[in-house]
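Undergrad: prediction below, plus the sequence it came from.
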Amino acid sequence: MEFSHLFALLIFAFISSLSPGPNNIMLMTSGANIGFYKTIPHILGIITGYSVMLLLIGLGLMPLFQQYPLIQNTLQILCSFYLLFLAYKIATSNALGSHKRQFKAMSFFTAAGFQWLNPKGWSMALSAMTLYGSELNYAMAIAVITGVFAVVNIPSACIWTIAGQKSQRLLADPKRLKIFNYSMASLLVTSVGFSF
C-alpha cells in the first residue's frame, strides 16, 4: 500500500471513528456515569469486535450479504431494537453515587458483539474495504485496514470516555445527570433513524 493511500486511510479512519455514533455515545455515557477505568472492558470490546468484523468482511463475508440481503436486513432490524433497548437503559439509569444506580458498563463480549449490530460500524467497514481494499495485494490491504482502525479506535474511544468522565462534576446533580442521560438516549434513538 502506497504512503499516500495509507495516509488517506488513516485520515478516513480517524474522522469516522471520532465522529458521533452509537459506540461513542455509549462510551461518553459510561464515562459520565461510572468513570474511565470501569469503561475499559467496553473500550477493548469495541476495538476487538470491530477488528474481527473488518477481517471477516474483508475475507469474503460481504458476498454472502449481497447474495442474501435478508441477512443484512435482519441485522439492521436487530440493531435498531438493540439500540432502542440501550437508549431505554441509559435514560432510566439512576444518579451518580447512588447505591441503587442501575447503570452498568457494557462488558467486553457484549461490546465486541455489538459491532455486528452497529449501523455506523457497518458503514465504516464497507466504505473502508471498498475504498482502500482494492490494492493488488488484497490480503495485505485487509490487514492494514484492520490494523489502522484498531490503532485509531484507541484514542477515539478514550477521548469520548474521558469527555464523559470529565463531566462527572457537572453531572453530580441528579437533575443534570437525568438530562444528560435523556440527551444521550435521544441521540442513540436518532442514530437508529439514520440507519434506514
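TA: Sure, I can see it.
Undergrad: which element is the most centrally placed residue in the chain on?
TA: Nearest residue to the geometric centre of the chain (Cα atoms, centre = their mean): N23, 2.8 Å. N23 is located in helix 22-34, with elements delineated by DSSP states H and E.
Undergrad: pLDDT of that helix, averaged?
TA: Helix 22-34 shows a mean pLDDT of 89 in the predicted model.
Undergrad: circling back to that earlier point, and the residue nearest to the centre of the chain, what does it touch?
TA: I46, F114, Q115, N118, K120, G121, A157 (Cβ atoms under 8 Å, 6 or more residues apart in numbering). C-beta: built from backbone N, CA, C; applies to glycine.
Undergrad: can you tell me how far the closest residue to Q115 other than its chain neighbours is from N137?
TA: Residue nearest to Q115 in three dimensions, not counting chain neighbours: G49, with 3.8 Å by Cβ to Cβ, 6 or more residues apart in numbering. Using Cβ to Cβ, to the nearest Å, G49 is found at 26 Å from N137.
Undergrad: what do you get for S16?
TA: Distance of S16 to N137, computed by Cβ to Cβ: 23 Å.
Undergrad: those two: which is more packed in?
TA: Taking other Cβ atoms under 10 Å, S16 and N137 do not tie; S16 has more neighbours (19 against 10).
Undergrad: what helix or strand is that one located in?
TA: Assigned by DSSP H and E, S16 falls within helix 3-18.
Undergrad: also L78?
TA: Per DSSP H and E: helix 69-91 holds L78.
Undergrad: now G121
TA: Going by DSSP H and E, G121 is part of helix 119-132.
Undergrad: that helix packs against which elements?
TA: helix 3-18, helix 22-34, helix 40-56, helix 69-91, helix 138-166, helix 174-194 (3 or more Cβ pairs under 8 Å, 6 or more residues apart in numbering; DSSP states H and E).
Undergrad: which of these sits most buried?
TA: helix 22-34 (a mean of 26; mean count of other Cβ atoms under 10 Å).
Undergrad: which strands and helices sit next to the helix holding L78?
TA: helix 22-34, helix 62-67, helix 119-132, helix 174-194.
Undergrad: among those helices, which gets the worst mean confidence?
TA: Among these, helix 62-67 scores lowest, at a mean of 70.
Undergrad: M26 contacts H42, correct?
TA: Yes: with contacts defined as Cβ atoms under 8 Å, M26 counts as touching H42 at a distance of 7.4 Å.
Undergrad: which residues do these two both contact?
TA: By the contact definition Cβ under 8 Å, 6+ apart, M26 and H42 are jointly contacted by M106.
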